[in-house]
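Undergrad: sequence-free structure coming up:
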């Protein structure tokens, strides 16, 4: 009888050890899954940051292009205005001193 009890005890101990090993393996697996998820999230964040940076660069380029277009549109008016001022007020056109002299006269 004692031998049977010893064998049973040994079997129970072995079973407990195996259960513990299985639990440890499951815990390790969970930790690995969590680490993998964290890495995926980091990669997603990096991708999002890169996309946002690209969008900002594109917007900046668009704004520069619009600014250049506006300058090109205004440039002819500027030269016409300068020549008209020169014709009307002489070489001092655009200076603040030329206008008061005209007003005095």
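TA: All right, it came through fine. Bear in mind the structure is a predicted one, so any value in this text is a computation, not a measurement. Residues are numbered from 1 along each chain as shown.

Undergrad: low-confidence ranges in the protein?
TA: Low-confidence regions of the chain, defined here as pLDDT under 70, cover residues 76-78, 91-105.

Undergrad: run the last query once more with 90
TA: Across the chain, the ranges flagged by pLDDT under 90 are 1-7, 70-105.

Undergrad: show me where this protein has its helices.
TA: 2-89, 98-104 (DSSP state H).

Undergrad: what's around residue 50, how many residues?
TA: 10 (other C-beta atoms under 10 Å). Every C-beta, even on glycine, is put in place using the N, C-alpha and C of the backbone.

Undergrad: burial count for residue 22?
TA: By other C-beta under 10 Å, 10 other residues sit near residue 22.

Undergrad: one more: residue 72?
TA: 9.

Undergrad: residue 86 too?
TA: 13.

Undergrad: tell me how far it lies from residue 73.
TA: 22 Å (C-beta to C-beta, to the nearest Å).

Undergrad: ok, residue 21 next?
TA: Distance from residue 21 to residue 73, counting by C-beta to C-beta: 78 Å.

Undergrad: for residue 59, same thing?
TA: 21 Å.

Undergrad: ok, now residue 15?
TA: Noted for residue 15: a distance of 86 Å to residue 73, by C-beta to C-beta.

Undergrad: with residue 39 instead?
TA: Counting by C-beta to C-beta - residue 39 and residue 73 are separated by 51 Å.

Undergrad: also residue 19?
TA: Noted for residue 19: a distance of 80 Å to residue 73, by C-beta to C-beta.

Undergrad: ok, residue 33 next?
TA: For residue 33, the distance to residue 73 - C-beta to C-beta - is 59 Å.

Undergrad: now residue 8
TA: Applying C-beta to C-beta, the value for residue 8 to residue 73 is 96 Å.

Undergrad: could you do residue 81 as well?
TA: For residue 81, the distance to residue 73 - C-beta to C-beta - is 14 Å.

Undergrad: now do residue 34
TA: Counting by C-beta to C-beta, the gap from residue 34 to residue 73 is 58 Å.

Undergrad: next one: residue 12
TA: For residue 12, the distance to residue 73 - C-beta to C-beta - is 91 Å.
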